[in-house]
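Quick one, structure for this:
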Amino acid sequence: MNTKVELPTGAEPLDIQPLEPELLDQVKLYDSKTLYWLSGYCKGLADAKPADGSTISQIIERPAKAQAISTLILYASQTGNAEQIARELHQRLSDSGLSAALASVADFNPKELSRQQILLLVASTHGEGEPPDDAIELYEFLQGKRAPQLSGLKHAVLGLGDSSYEFFCQTGKDFELALSKLGSQPLLQRVDCDLDFAEDSSRWIEQVSKKVAELSISATGQIDTAISQQSSVSSQFSRNNPFTATVLLSQSICGRGSSKQVQHIELSLAGSGLKYQPGDALGVWAKNNPLTVEEILAVGQLNGEEKVLINDTQKSLREALSENLEVSLVNKSFVSEYAKLTGSKQLEEIAAEAFSSFVRNHQLVDLLKIAPIELEAQQLVDLLKPIKPRLYSIASSYDANPEEVHLTVALERTENENGLRFGTASHFLIERLQEDDQVLVFVDKNTRFKLPANDQPVIMIGAGTGIAPFRGFLQQRQFEKASGENWLFFGNPHFNTDFLYQLELQRYLKDGLLSRLDLAFSRDQAEKIYVQHRLLQQGSTVWRWIEHRQAVIYVCGDRNNMARAVEETLLEIIRRESGGSAESARDYLSGLTKNRRYQRDIY
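Coordinates of the predicted model:
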């Protein structure tokens, strides 16, 4: 027999034939995700072919639909991981029929925050607890005098970080604290993710989606089944499915006698379908130094042939330490756990008071040597974090070098009481790979470090391997025959040994592609001269390029030293040339950042 469905007040009842009991029982077994999808799918079928040719909204004359709950997804990303997670969350909500806005914190007006009902924030942390460049404006706004009361807001924060740094996930913690102080209520407890974030972030996405669905149903009595038009296109090769690239060329680009070891490496992307834009990075899955692996085995009194489980896959301990586990970057949780295991007071003190200074030039094996004990193979594996890919700024233009990607890699090395320690990826790429060898790679998009769409002038400031993305910029502008002027500031220790890509840059200068080239070789004279000094010397001209010619400024290099010094110099130039205050100079530079005219790729 027919039955009637209850409708909102004022709507006419509609006779509907129910499903067979057996089918209804089957539907009840579906999980929430499937039911949300099914509801949207059925609505689409109903809209497409109602009984009398009219739309379902014409058959059921409902009153105006309740406004869907306002949901905003923001991401504060430097390398792209936070953006990737935010997009996955957006797609997950969309697939469930839940409407949400998605934006970078750089493109979001903080004053609009008070109009939101749900804020879902994915925030990465860099350096010593610092927010990404794009997040600084929102970060400061929430902690400033003009921040609004947010008592009508609910928030969920996912923090991304690296536990080898002292201030792990500090940006996410700071954002959540600021939101709570302004009256926002937590939708979920904050989640802090380490380098191996995939499992934790997927679980967070699932939990958040469920909470948003519950609130949406509570607020409107239904799920909005309008599916977002944005499609998420996955490349065949990615971080989790890397491409096997072949080494075409590997050659030193430092002169004899240099204190540095810098290699220019060219890789083939033939057959991969991978493409990139100048400013993007290449992710490299490196293997650990075999000498370091053997040293770890010796200290732990292990032979390396023990069988261990890695993600439910059995392999030898030596293979796991070589390819799957992080042994150069030490995290605080390992120090604490190993200290408990060994009872070492020295390790306890390192974890509590000296972690940041210790990890600058020490690795896993150095910690094991402080308190050596006999370890079980699986016990060691369970204490360690998965190895993470290393990202390198791409030093080429794809258009100028089809199916190739170029890198500029400096060998990272430090020394401690136990001898030399090398960076995982730089040692792998420089010391172990020869031409025709292979390496697993993927392209990591960087939407926050891009050439302007028009022919605006650009000012590029880089030191050492910070030259890499600017080589790609210049190749791209040459390929496009762009008319915009290009000014490069480059610094390194010595002209004779460390002038990276010297012949190329001098040719670009002669041909007119480079309008200006200012060099800072810090140790070629008694007084050290760095790129920030050259920048200040040209302050009036730099200001004219910025203020009157709308130049875009790019900085690539070390976060804590070079990039910070360059920013202070830019502020001084702006203050001096504009005649304003220090505060107005900072506001001016913030405006350049917001308008994508001050972009940084720093590490």
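
Now do the buried residues in stretch 174-188.
174, 175, 176, 178, 179, 182, 184, 187, 188 (16 or more other Cβ atoms under 10 Å). (C-beta placed from N, C-alpha, C; glycine too.)

Mean confidence (pLDDT) on that stretch, please.
Taken as a whole, stretch 174-188 has a mean pLDDT of 93.

And for residue 137, the neighbour number?
19 (other Cβ atoms under 10 Å).

Hmm, I typed the wrong one, I wanted residue 70.
Neighbours around residue 70, by other Cβ under 10 Å: 16.

what does residue 538 give?
Neighbours of residue 538 (other Cβ under 10 Å): 17.

In this structure it contacts residue 517, no?
No. Checked against Cβ atoms under 8 Å, the pair residue 538 and residue 517 is beyond contact range at 11.5 Å.

what does stretch 140-148 rub up against?
Applying Cβ atoms under 8 Å, 6 or more residues apart in numbering, the contact partners of stretch 140-148 are 110, 111, 113, 114, 174, 175, 178, 179, 182.

let's see it at 7 Å
Contact with stretch 140-148 is made by 110, 113, 114, 178, 179, 182, as judged by Cβ atoms under 7 Å, 6 or more residues apart in numbering.

Quick one: residues in contact with stretch 315-322.
Contacts of stretch 315-322 (Cβ under 7 Å, 6+ apart): 287-288, 290, 293, 296-297, 302, 304-308, 310, 327, 377, 381.

Just the ones of these in strands?
Judged by DSSP state E, the contacts of stretch 315-322 include 307, 308, 310 as members of strands.

Let me know the closest of those to residue 164.
residue 310 (20.1 Å; Cβ to Cβ).

For the closest one, name its beta-bridge partners.
Going by DSSP bridges, residue 310 is paired in beta bridges with residue 313.

Would you list the phi and psi of residue 520?
Note on residue 520: its backbone torsions stand at phi -130, psi 100 [degrees, to the nearest 10].

so where's the stretch 151-300 of the chain uncertain?
218-235 (pLDDT under 70).

let's see it at 80
164, 217-235 (pLDDT under 80).

Break down it into its helices, ranges please.
According to DSSP state H, counting those that start in this stretch, the stretch 151-300 of the chain carries its helices in the segments 170-181, 198-220, 290-299.

out of those, nearest to residue 357?
helix 170-181 (17.8 Å).

which helices and strands does the closest one pack with?
strand 118-124, strand 154-160 (3 or more Cβ pairs under 7 Å, 6 or more residues apart in numbering; DSSP states H and E).

I'd like to know how many residues surround residue 283.
Neighbours of residue 283 (other Cβ under 10 Å): 20.

what do you get for residue 111?
Residue 111: 11 neighbours (other Cβ under 10 Å).

Next, work out how far apart it and residue 272 are.
Taking Cβ to Cβ, to the nearest Å as the measure, residue 111 falls 44 Å from residue 272.

Residue 459 is in what secondary structure piece?
Element membership of residue 459, judged by DSSP states H and E, is strand 458-463.

that older thread, winner for burial among the helices of the stretch 151-300 of the chain?
helix 170-181 (a mean of 20; mean count of other Cβ atoms under 10 Å).

tilt between that helix and strand 154-160?
170 degrees (axes from the mean of the first three to the mean of the last three Cα atoms, to 10 degrees).

Would you mind putting the CA coordinates of helix 170-181 into CSV?
Taking C-alpha atoms only, helix 170-181 is exported to CSV below (Å, rounded to 0.1, in the frame of the first residue of the first chain):
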residue,chain,number,x,y,z
GLN,A,170,53.5,25.2,17.2
THR,A,171,51.6,27.1,14.5
GLY,A,172,48.6,24.8,14.9
LYS,A,173,48.8,25.1,18.7
ASP,A,174,49.0,28.9,18.5
PHE,A,175,46.1,29.2,16.1
GLU,A,176,43.9,27.0,18.3
LEU,A,177,44.8,29.0,21.4
ALA,A,178,44.0,32.2,19.7
LEU,A,179,40.6,30.9,18.4
SER,A,180,39.7,29.6,21.9
LYS,A,181,40.6,32.9,23.5
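
Contacts for it, please.
Contacts of helix 170-181 (Cβ under 7 Å, 6+ apart): 76, 121, 123-125, 129, 131, 135, 142-143, 150, 155, 157-159, 190, 192.

chain center to it: distance?
19 Å (Cα atoms, centre = their mean, to the nearest Å).

next one: stretch 289-297
That offset, for stretch 289-297, works out to 30 Å (Cα atoms, centre = their mean).

repeat for stretch 389-405
18 Å.

And the protein, what are its domain boundaries?
3-59, 71-220, 243-286+389-444, 290-383, 458-602 (automatic domain parsing).

does the residue lying closest to residue 75 once chain neighbours are set aside count as helix, strand or coil?
The shortest distance from residue 75 to any non-neighbouring residue, by Cβ to Cβ, 6 or more residues apart in numbering, is to residue 86 (3.7 Å). Classification of residue 86 by DSSP: H, G, I helix; E, B strand; the rest coil places it in helix.

where does residue 86 land on pLDDT?
94.

my read: it touches residue 103, true?
No. Counting by Cβ atoms under 7 Å, residue 103 is not a contact partner of residue 86; they are 8.8 Å apart.

who has more neighbours, these two?
residue 86 (26 against 15).

how far away is the more buried one from residue 448?
14 Å.

And stretch 432-443, how far out from the chain middle?
The answer for stretch 432-443 is 23 Å, by Cα atoms, centre = their mean.

Only the C-alpha atoms, please, for it, written as CSV.
The C-alpha coordinates for stretch 432-443 follow below in CSV (Å, rounded to 0.1, in the frame of the first residue of the first chain):
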residue,chain,number,x,y,z
ARG,A,432,76.0,7.5,-4.4
LEU,A,433,74.2,8.3,-7.6
GLN,A,434,76.1,8.1,-10.9
GLU,A,435,74.8,8.8,-14.4
ASP,A,436,72.2,6.2,-15.5
ASP,A,437,71.4,5.3,-11.9
GLN,A,438,67.8,5.7,-10.8
VAL,A,439,66.0,7.6,-8.1
LEU,A,440,62.3,7.8,-7.0
VAL,A,441,60.8,11.3,-7.4
PHE,A,442,57.6,13.3,-7.6
VAL,A,443,56.7,16.9,-8.3
